[in-house]
Each structure stands twice: as structure tokens, then as C-alpha cells.
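Undergrad: generate a structure from the sequence data that follows.
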Amino acid sequence: MIVNTLLKNNTISFSECMIQVFSFHFFGCLEIFILILIAVDHYVVICKPPHYMSIMNRRICSVWVATGWVASCVHSSVQIFLTLSLPFCGPEVIDCYLCDLQPLLKLACTDTYVTNLLLVSNSGAICTASFVMLMFSYGIILHSLRNHSAEGRKKALSTCTSPVIIVILFFGSCTFIYTRPTATFPMDKMIAVIYTIRTPLINPLIYMLRNAEVKNAMRKSRSKELISDDQR
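TA: Now for the predicted structure:
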């Protein structure tokens with residue numbers, strides 16, 4: 001998608017389109033599992049700090065990551081199989097800047113009501129269930145902070161703020177797209193930008209600014225600039 005945008009090429013073959021759909025949903029689902037793992041990590045480190053090393057050990061984390069890869073592959077394969085079962089003989093213009101399920105369903109030369117229900121029950125259920133579970137887990141974490149000191153609450157809130165922002169941006173837009181029937185709206189493309197481009201770009205920025213070493217380096221750089229300006 002990035003290469004086609006840079007080259008100003010707005011055509012894509014059917015096989016490349018299917019690869020794009022698979023990759024898009026594979027990495028999207030994998031991100032959901034990573035966000036869930038981050039929430040579990042935050043819960044353990046804040047609510048059960050003495051048991052952190054025994055609960056979040058290398059074996060448990062490896063199982064989580066492996067489960068995420070397998071589940072993401074299954075989820076994407078289901079999407080592809082449902083899409084490949086449709087006949088495409090009509091217009092070849094996708095009303096979106098990338099190959100996604102809803103725009104492709106509009107191009108099928110058959111009734112896609114049942115297929116759309118299956119796709120919604122797949123993607124929509126994953127988005128909704130994961131979002132509810134994540135917000136519930138962070139709610140438990142915030143509720144447990146009342147037993148912490150003021151310094152502990154401040155540190156815990158700083159730890160949880162970044163992933164909560166990402167969760168709201170990512171799942172809010174995904175839920176809007178993948179939990180409704182085949183009806184499309186003019187704002188769909190703008191909302192798709194949020195979870196396909198904006199959230200991945202914000203991710204490293206948010207987590208980088210939470211890193212103490214990065215903050216200290218930025219402060220030192222800023223102080224050097226102020227000293228240089230004063231000397232001038």
C-alpha cells in the first residue's frame with residue numbers, strides 16, 4: 001500500500017489484494033493480543049508485584065505470543081476463505097485506499113448478507129470482546145490504586161495511560177467498522193485511517209516518550225539549546 005501510494009499507482013491484482021487483506025487482519029489481530037498481554041502485565045505488576053516474576057515468566061510470555069500468532073493466522077485465514085468463496089464479476093474499483101472486507105463485499109456479484117454476518121461475527125466479535133475485556137482489566141487496575149500511596153498511584157497511572165489511549169483509538173474505530181451490516185458511510189475511509197495508519201504511527205511515539213532515558217536525553221538536549229541561545 002505504501003509503495004503504491006509513493007508511486008501513485010492505484011491498481012492492484014486480485015492475488016495482491018488477497019495478500020493485503022490477510023496481512024492486514026493478521027497483524028491487526030496480533031496487535032490485539034499484544035495489547036491484551038500488556039494489560040495482563042500491567043495488572044500483575046500493579047496488583048500483584050511480589051508474584052510478578054513467577055507469573056510473567058519467559059514460558060508464560062512465550063505461550064501468549066505463540067497463541068497470538070496462531071490465533072491471528074486462523075482469523076486471517078477465515079477472512080480469506082470467506083472472501084475467495086465470492087464471485088467477482090462486476091466493477092473493479094475498490095472504494096477504499098486498501099483492500100478490506102467491506103469494500104470487497106460491495107464488488108461481489110451475489111448476495112453477501114450471510115457472508116457479511118460471518119465476517120462480522122469473526123472480526124466484530126474479536127474487536128468487541130477484546131475491547132470490553134481490556135477496559136474491564138484497566139478498570140480493575142484503577143480500582144486497586146486506592147490502596148496505593150500517592151506516588152504509587154501517580155506511577156501506575158503513568159504506566160496505564162499510554163495503552164488506554166491506544167486501546168480507545170484502535171478499538172473504537174475498529175468496532176465502528178466491523179460490527180455493523182454491509183451499509184457503508186462516507187466517513188468509513190477516514191475512520192479506517194485511524195486504525196491502519198494513525199494508531200501504528202502514534203504507538204512508538206507514545207511509548208518512546210514514556211521511556212525515562214528518552215525523557216532525560218530530551219531534557220539534556222533542550223538544556224544545551226537554551227545554554228547555546230544564552231551564549232549568543
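Undergrad: over to Ser149: give its phi and psi.
TA: phi -70, psi 170 (degrees, to the nearest 10).
Undergrad: now it: how far from Val164?
TA: 21 Å (C-beta to C-beta, to the nearest Å). No exception for glycine: its C-beta is placed from N, CA and C like everyone else's.
Undergrad: the helix or strand in which Ser62 is found - contacts with which helices or strands?
TA: Applying DSSP states H and E as the criterion places Ser62 in helix 58-84. Applying 3 or more C-beta pairs under 8 Å, 6 or more residues apart in numbering; DSSP states H and E, we find helix 58-84 packed against helix 14-47, helix 101-105, helix 113-119.
Undergrad: most packed of the ones you listed?
TA: Counting by mean count of other C-beta atoms under 10 Å, helix 101-105 has the highest mean neighbour count of the helices and strands packed on helix 58-84, with a mean of 20.
Undergrad: averaged pLDDT, it. What do you get?
TA: Averaged over helix 101-105, pLDDT sits at 81.
Undergrad: out of the helices and strands packed on helix 58-84, which gets nearest to Gly172?
TA: Each of these has some distance to Gly172 by C-beta to C-beta; the shortest is helix 14-47, at 13.1 Å.
Undergrad: tally of neighbours for Cys51?
TA: No Cys there; residue 51 is His. Other residues near His51 come to 11 when the count uses other C-beta atoms under 10 Å.
Undergrad: quick one, what contacts it?
TA: Val44 (C-beta atoms under 8 Å, 6 or more residues apart in numbering).
Undergrad: assign it to helix, strand or coil.
TA: The local conformation at His51, judged by DSSP: H, G, I helix; E, B strand; the rest coil, is helix.
Undergrad: model confidence for it, exactly?
TA: 81.
Undergrad: now it: how far from Asn57?
TA: Distance of His51 to Asn57, given as C-beta to C-beta: 11 Å.
Undergrad: in CSV: the helices and strands packed on helix 58-84, plus distance to Leu142.
TA: Shown next, in CSV, are the helices and strands packed on helix 58-84 (distance: least, C-beta to C-beta, whole Å):
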stretch, distance to Leu142
helix 14-47, 9
helix 101-105, 35
helix 113-119, 34
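Undergrad: Leu84 is nearest to which of these?
TA: Among those, helix 14-47 sits nearest to Leu84 (C-beta to C-beta), with 7.0 Å.
Undergrad: check the contact lists of His51 and Asn57 and give me the overlap.
TA: What both His51 and Asn57 touch, as defined by C-beta under 8 Å, 6+ apart, is an empty set.
Undergrad: spatially, what comes nearest to Thr110 if we skip its sequence neighbours?
TA: Pro87 (5.7 Å; C-beta to C-beta, 6 or more residues apart in numbering).
Undergrad: what does Cys61 give?
TA: Leu37 (7.3 Å).
Undergrad: need the pLDDT of that neighbour.
TA: 85.
Undergrad: show the contacting residues for Leu145.
TA: So, once contact is read as C-beta under 8 Å, 6+ apart, Leu145 ends up touching 46, 152-153, 156-157.
Undergrad: which one of those has the most neighbours?
TA: Busiest of those [other C-beta under 10 Å] is Ile46, holding 22 neighbours.
Undergrad: what about it, distance to Ala125?
TA: Taken as C-beta to C-beta, the span from Ile46 to Ala125 is 29 Å.
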